[in-house]
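In: Need the 3D shape of this:
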Amino acid sequence: MTKAMEKYSNISTHKRLGYVRGYLALGLVNEATLELEKVEVGDREAIEVRAVRVELHVAAKQWELVLKVAAPLCEVSPENEGAWIAWASALRKLQRVKEAEDVLLKAESFMEPSRQSFTTTLPVTPVCRDSMKRQRNICPRPARWTNALRVSR
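Out: Okay, the predicted model is just below:
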């Protein structure tokens, strides 16, 4: 192994995850995947690594894999909003809208009161939105969450 290769193999997991996110920001999913595979085996189940894996599967539009990674991540890290949104969005992409709504309503119980409105801001269909209004009697629309469950036409 050359010195350059040896130096590259000793990169910290945190720095490697930064590289993965950089590749994803550039739309380079294959490169991001290869970089994520280089994370040390002992770190692969760390919450931060799992969260980046969710981001990777979302970018690759691998909805079944998003479900496999995001759902368990939400169990161990319920404050991770991105995992909840990815899980619900993957369910929506798989046309499992009622399950997506249930995930978001469950997520709400883990959020701080100031952030709890995000589950009511996700217009799925008029029927689903009306259902959520009845349950919560509100329907605000913070910009960040507006498109999380919009049904593609």
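
In: What sits closest to Tyr93 if chain neighbours are left out?
Out: Let me fix one detail, which is that residue 93 is Lys and not Tyr. Of all residues not flanking Lys93 in the chain, Trp63 sits nearest, at 4.7 Å (CB to CB, 6 or more residues apart in numbering). C-beta here means a position set from N, CA and C on the backbone, and glycine is covered the same way.

In: and that neighbour, what is it in contact with?
Out: By CB atoms under 8 Å, 6 or more residues apart in numbering, Trp63 lies in contact with His57, Ala90, Lys93, Leu94.

In: again, 10 Å this time
Out: His57, Ala86, Ser89, Ala90, Leu91, Arg92, Lys93, Leu94, Arg96 (CB atoms under 10 Å, 6 or more residues apart in numbering).

In: what would those look like in JSON lines with pLDDT?
Out: Putting these into JSON lines (pLDDT from 0 to 100) gives the following:
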{"residue": "His57", "pLDDT": "98"}
{"residue": "Ala86", "pLDDT": "97"}
{"residue": "Ser89", "pLDDT": "97"}
{"residue": "Ala90", "pLDDT": "97"}
{"residue": "Leu91", "pLDDT": "97"}
{"residue": "Arg92", "pLDDT": "97"}
{"residue": "Lys93", "pLDDT": "97"}
{"residue": "Leu94", "pLDDT": "97"}
{"residue": "Arg96", "pLDDT": "97"}
